[in-house]
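Engineer: Return a 3D structure for these sequence lines:
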Amino acid sequence: QVQLVESGGGLVQTGGSLRLSCAASRRTLSTYVMAWFRQAPGKQREFVAAIAWSGATLYTDSVKGRFTISRDNAKNAIYLQMNGLKPDDTAVYYCAGRNVISLSRSVSGYEYWGQGTQVTVSS
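Structural biologist: Here you go, the predicted model:
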């Protein structure tokens, strides 16, 4: 079982930056694909970014050029650097993991989830 704990959310103005962190309980995290999803009020959970053990990354189009996903296998952690934040980025952000090699955009493709951290961008 893998436990994931997110941190780093908060309130920021349009154009500001935040860095989300996700700490994992399991030392084998380095072999997992890790991802960030988000869910705004009244909307379905949606894919934001994913990173493979190799460092390969995948982003949803709306965050390309603004968000950067990274991982530190030695610390069993992943990060999401968010720059140029917009009110549409307001959501609860979730860290997720899957024990397969390939990247995925699908919510159902991930078996481990954190509890989420709130990101609010004011206009």
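Engineer: Excluding chain neighbours, what is closest to the residue nearest the centre of the chain?
Structural biologist: Nearest to the geometric centre of the chain sits W36, at 2.1 Å (C-alpha atoms, centre = their mean). Spatial nearest neighbour of W36, chain neighbours left out: V48 (4.3 Å); criterion: C-beta to C-beta, 6 or more residues apart in numbering. Quick note: C-beta positions are derived from backbone N, CA and C, even for glycine.
Engineer: Work out for me the element that neighbour sits within.
Structural biologist: strand 46-51 (DSSP states H and E).
Engineer: Would you give the sheet partners of that strand, along with the direction of each?
Structural biologist: strand 33-39 (antiparallel), strand 57-59 (antiparallel) (DSSP bridges).
Engineer: Which among these is found nearest to S106?
Structural biologist: S106 sits nearest to strand 33-39 of all the strands paired with strand 46-51, at 9.8 Å, using C-beta to C-beta.
Engineer: Give me the contacts around that closest one.
Structural biologist: Contact partners of strand 33-39, identified using C-beta atoms under 8 Å, 6 or more residues apart in numbering, comprise 20, 22, 24, 45-53, 69, 71, 78, 80, 89, 91-98, 100-104, 107, 110, 116, 119.
Engineer: Counting only strands, which of these make the cut?
Structural biologist: 20, 22, 24, 46-51, 69, 71, 78, 80, 91-98, 119 (DSSP state E).
Engineer: distance between stretch 43-53 and the chain's centre?
Structural biologist: The chain centre lies 6 Å from the centre of stretch 43-53; the measure is C-alpha atoms, centre = their mean, to the nearest Å.
Engineer: what's the span of it, first residue to last?
Structural biologist: Taking C-alpha to C-alpha, to the nearest Å, stretch 43-53 runs 30 Å from one end to the other.
Engineer: I'd like the average pLDDT over that stretch.
Structural biologist: Throughout stretch 43-53, pLDDT has a mean value of 96.
Engineer: still on that earlier bit, quick one, which of the strands paired with strand 46-51 is nearest to L85?
Structural biologist: Once those are compared by C-beta to C-beta, strand 33-39 is nearest, at 12.0 Å.
Engineer: Give me the contacts around stretch 95-111.
Structural biologist: Here stretch 95-111 makes contact (C-beta under 8 Å, 6+ apart) with 2, 4-6, 20, 22, 24, 29, 31-37, 45, 47, 50-53, 56-58, 60, 78, 112-114.
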